[in-house]
Each structure stands twice: as structure tokens, then as C-alpha cells.
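Visitor: need a structure here:
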Amino acid sequence: MGFLGIPLRAKMYDYAKVLELERELIRKERQIEYLQLELKRYQTAIEELRQGMRPVGLVQDVVESNAYVRLEAGQLYEVTIPPNLKDKVQPGLLVVLTPNKGAVLNVVERRLTEKDLWSLKIEKNINVFYEDVVGLDKELKELRKAVEWVLSPAIRHKRESIVRDSRLLEEAGTVLLFGPPGTGKTYMAKAVAGSLNKYGQRTAFIKVEAYELVSKWLGESARNVRELFRLARGEAPCILFIDEVDAIARARTEITSDAGRDVQGMLNQLLTEIGEGFHANKDMAIIFATNLPSVIDPALLDRIRKVIYVPPPRSKEDVKKLFDFYLSKVSVDPNIWKDGKMTMDAFEELWKLIRSRRLIYEVSIQPRNIKVFDEYWITPRDIKNIVQEAASDAAFQEEEHVTLERLVEYVKGLISEKPSHMSFL
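Guide: Predicted structure coming up:
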């Protein structure tokens, strides 16, 4: 018996229970602290969204506690400078204004200039060539016809000897590539730049994801578009490749917010840049790419000279050709590789799995009277990833080559993903 007649075992049991409860209490308190931090973070994010996009402008002049700030769109505002920022606000600096544009909220610290930032996108040593584009001969030919003469002085001279009125060249060199993800849109554009470089015509390649042009500062998005084109013209001859253009070029609707006006301003600037004419954009091809062409603003479609559909492989032979191409870049088990190609027996094992997958791409571009409905199983990017992963696994396992088993493993992983139906009518 223990103290006060309570059995010792019972006391030990109660102590263990209390200890466990204390530990559980500590865990719950930590969870509460974490949730409170998360709540605060979300409340801050919600408040920022409520405020909308914060206008940013250039300080023109400072008079006592007021500043004259000009926004990107040109409007000039007289705003109040709070006491804590009075020594920081100076003419020539960028400042953030309150949503009602009545006071300075903050001073924008000078980051990399837009030109410096976009210059990081420039590629000059491109190792993709025409022969690397597999199964897209017709599409590649159309792309070359649209942009190659713009970039090559020799080819341009031949064309200009036929097209003598420069007004007929105004929209030259603008192309929209569309199709399902992973079919080779970027690859084709890079192949043009790489091949021109290979044959002695220096051509830079600048790729930008459209959403990178969007700024949280009101008015800065249009400036980003302008600076990007200024950089591209300075790097000419070059290909300016803007991917996922639907992010910034959706059809315009009635604007009711600062964010909407900013996006429209960005689209207007884009239209201005590509509409300045052949001489302003000489030696420069502008290639847009998207999976969603049906949402693009008609005004932009009207300025684009050529629209090219980049399809997925649509036959068993096309799929095998892609496997042969990518497997030729790695060491392959001799039992499944003969005369520079995958044996049909080995491919049939992969094909039985691949054909069980069904993907659909359906799209309509009304202004161009284009309609596409495609059923397919796999994309060039999928096949490239399968081969790369199989090769990486083989290297990790210290094997000498890629085996059929490894390829089957990654094909199975691919077809286990949920099939998709992309419809953009």
C-alpha cells in the first residue's frame, strides 16, 4: 500500500496518464501556435487581394510633404508623403501608392533593371537542330517559311527581290504555334535558331513565359513588354519566343478593376510592339505558343501572320520513330536494339501498354476558321522523359544500358495517370 492507502501501482498509473496528457497538451499548443501563424499569413494575403494591385509610379517632384508622381499610363498625381518616408522619397525614384492613389506607401528599392532581368533569358549557343525535330516535317517546313527569311539576310534578299513593296511585309515573322502540351512547340522554335547558328547566321533565342511579364505593380506589366521587345531588337537577329501567351492575351472584356486595366494595358502594349511594322522588327521573328488558342484576343490573332497546329504523334509508326530517336541517344540493351532501331518485339510490348491510354485535344479558333479534334496516346515529351528516367535509373543501379524492363516500368507509370480531355471550343 502506498501513502493514504492508495495502492502504489494505481499512483504510478495515474502519473503516467498525467504525463501523457501533459505531452498531448504541449503538442496541441504547438499546433495552435502554428495554426495562428498560418491564419495570420492568410489574413495578410486576403488583405493584399482586397487592396488590389498597388500602383507604382515615378516621382517627378517633391514639394514639402507632397510628391508629384507619374504612373506608367501617364497620369500625374499629387500625393502625400508620410513622415517616415519623407527622407526617402526623391525625384527619379519609383514609389508605391495606396490603392486610392492618395499617399506614398513605400519606396521601390532599385532592383535589376528590366533589361538586365530579361537579358538572363538570352540563349546564344543552342544545341537543337532541324534533324532533332522528329515527326513534324510539315509543321517545321511551315515555320521555316514564316520566319527563316526574316532572320537570314541571304534568304531575305531573295524574297525582297520578289516582294518589292515593303507594305506587304508588315506582319512577316509573327507565328502562333498551338497544340497539346509536350508536342514540340518550343523545340521547333529552338531548332530554327540552332540551325541558323550552325550554318553561320548568328541568331539569339529569347524564351519568356508570358506570366513572367505580369507584375504586381500597376503599370509595370506594360513596361515589361516594352523592355522585352527593346532587348530583343537589340539582340537581333533573334527569335523572341513567348510561351503560354494566353496568360496575357485573352480576349478583352469590360474592365472593372485596376488588375483588369493592367492586363489590358499589357495586351495593348504587345499589339503596339508587334504592329510597329517590318522595319522596326527587322531581323526579329516573334513566335507565340499556347495550348489554349481559342481564348486569344482577335486583335492579336489578326496581327499574327501564320497559325500552325503542332500535333501529337497520331500513329503507331510515329510513336516508334520517337522511341528510336530518343533511345539512339543512350546506351540500350543489345537484345532490344538492332541496326539503330528498337526491335519490333520490344516495341510491341510497350505499344500494348501505350495504346490503352486515350487523350483528346479539341479546340476551335473562330477568327481563323480552325477546328481541331485529335485523339492520341503519348507525346514526344512523354517519350523523352521515359527514356531519360530509364537511363537515370540504369546509371543509379550501375547497369550498363537501358533495358526493356525499365522502359516498361516508366510506361506503366505514365498510363496510370488520369487521362485528359482538353476541350477549348
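
Visitor: from here on, contacts and neighbour counts on C-alpha atoms
Guide: Noted.

Visitor: so Val89, which state does it fall into?
Guide: Using DSSP: H, G, I helix; E, B strand; the rest coil, the structure places Val89 in coil.

Visitor: check contacts around it.
Guide: 59, 62, 81, 95, 107 (CA atoms under 8 Å, 6 or more residues apart in numbering).

Visitor: in a markdown table: the residues you listed, plus neighbour count and secondary structure.
Guide: Formatted as a markdown table, the contacts of Val89 follow (neighbours: other CA atoms under 10 Å; DSSP: H, G, I helix; E, B strand; the rest coil):
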| residue | neighbour count | secondary structure |
| --- | --- | --- |
| Val59 | 21 | strand |
| Val62 | 18 | strand |
| Ile81 | 23 | coil |
| Val95 | 24 | strand |
| Val107 | 17 | strand |
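
Visitor: now for those: which two are most distant?
Guide: Val62 and Val107 (13.7 Å; CA to CA).

Visitor: this protein: helices as residue ranges?
Guide: Here the chain has its helices, by DSSP state H, at 8-51, 114-119, 137-151, 153-160, 185-198, 220-235, 258-274, 298-303, 316-327, 344-354, 380-396, 404-415.

Visitor: packed most tightly, which of these would that be?
Guide: helix 185-198 (a mean of 22; mean count of other CA atoms under 10 Å).

Visitor: and the helices of the chain, which one's lowest on average pLDDT?
Guide: Lowest mean pLDDT of those: helix 114-119, a mean of 54.

Visitor: what's the burial count for Thr136?
Guide: No, residue 136 isn't Thr; it's Leu. 16 (other CA atoms under 10 Å).

Visitor: how about it, phi and psi?
Guide: phi -130, psi 40 (degrees, to the nearest 10).

Visitor: what pLDDT does it get?
Guide: Among the per-residue scores, Leu136 shows a pLDDT of 96.

Visitor: and the residue nearest to it when sequence neighbours are not counted, how many neighbours?
Guide: Excluding its sequence neighbours, the residue lying closest to Leu136 (CA to CA, 6 or more residues apart in numbering) is Val310, at 7.6 Å. Neighbour count for Val310, taken as other CA under 10 Å: 22.

Visitor: please apply the same query to Arg357.
Guide: 17.

Visitor: what do you get for Val402?
Guide: Neighbour tally, Val402, other CA under 10 Å: 24.

Visitor: give the full set of residues in contact with the closest residue to it other than its chain neighbours.
Guide: Distances taken as CA to CA, 6+ apart put Val332 closest to Val402, at 4.7 Å, once the chain neighbours are dropped. Shown in contact with Val332 (CA under 8 Å, 6+ apart): 401-403.

Visitor: could you dump these to JSON lines with pLDDT and distance to Arg368?
Guide: Below are the contacts of Val332 laid out as JSON lines (pLDDT from 0 to 100; distance: CA to CA, whole Å):
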{"residue": "His401", "pLDDT": "93", "distance to Arg368": "48"}
{"residue": "Val402", "pLDDT": "94", "distance to Arg368": "45"}
{"residue": "Thr403", "pLDDT": "94", "distance to Arg368": "46"}
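
Visitor: good, wrapping up.
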